[in-house]
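K.L.:
Sequence and predicted structure are below.
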Amino acid sequence: MAEIKFEIKETVGSISQSPKGWNKELNLISWNGKEPKYDLRDWAPEHEKMGKGVTLYAEELRALRDLLNGMGL
């Protein structure tokens with residue numbers, strides 16, 4: 001399996017932390033040298049390991065924000 005390369009361009013914030021110390025974070029990440037996307041996933045404390053996540057372009061993130069705002073939470 002090919003190695004996945006990533007560079008965290010901006011840390012937006014952490015949503016939660018698991019009992020094992022992993023953080024669910026929203027970051028702007030460049031994957032394999034490509035255009036950065038917003039990324040929501042679990043990360044080990046020093047970003048040495050990651051869980052499965054979701055990547056979104058800025059317009060998709062805005063659409064998600066609008067959906068969440070419409071939920072009235």
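P.N.:
Perfect, I can see it now.
K.L.:
Identify all contacting residues around stretch 54-72.
P.N.:
Residues lying outside stretch 54-72 but in contact with it, judged by Cβ atoms under 8 Å, 6 or more residues apart in numbering, are 29, 31, 37-41. Bear in mind the C-beta positions are built from the backbone N, C-alpha and C, glycine included.
K.L.:
Quick check: the farthest pair among those?
P.N.:
Maximum pairwise distance in the contacts of stretch 54-72, criterion Cβ to Cβ, is 13.6 Å, between Trp31 and Leu40.
K.L.:
Who does Glu10 form a beta bridge with?
P.N.:
Applying DSSP bridges to Glu10 gives these bridge partners: Leu28.
K.L.:
give me every residue that touches it.
P.N.:
Counting by Cβ under 8 Å, 6+ apart, Glu10 touches 27-28, 36.
K.L.:
In a markdown table, list the residues you listed along with distance to Glu7, pLDDT and neighbour count.
P.N.:
Formatted as a markdown table, these follow (distance: Cβ to Cβ, whole Å; pLDDT from 0 to 100; neighbours: other Cβ atoms under 10 Å):
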| residue | distance to Glu7 | pLDDT | neighbour count |
| --- | --- | --- | --- |
| Asn27 | 10 | 98 | 21 |
| Leu28 | 10 | 98 | 16 |
| Pro36 | 8 | 98 | 18 |
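K.L.:
before we move on, back to that, any of the contacts of stretch 54-72 buried? List them.
P.N.:
Taking 16 or more other Cβ atoms under 10 Å as the criterion, what is buried in the contacts of stretch 54-72 is 29, 37-41.
K.L.:
Sort out for me which of the residues you listed are in strands.
P.N.:
Mapping those onto strands (DSSP state E) picks out 29, 37-41.
K.L.:
Closest to Gln17 out of those?
P.N.:
When these are ranked by distance to Gln17 (Cβ to Cβ), Arg41 comes first, at 13.5 Å.
K.L.:
Quick check: bridge partners of the closest one?
P.N.:
In this structure, Arg41 has the following beta-bridge partners (DSSP bridges): Glu25, Gly53.
K.L.:
and Glu60, what helix or strand is that in?
P.N.:
In the assignment (DSSP states H and E), Glu60 maps to helix 58-69.
K.L.:
Now do the buried residues in that helix.
P.N.:
Under the neighbour-count criterion of 16+ other Cβ under 10 Å, helix 58-69 has Leu61 buried.
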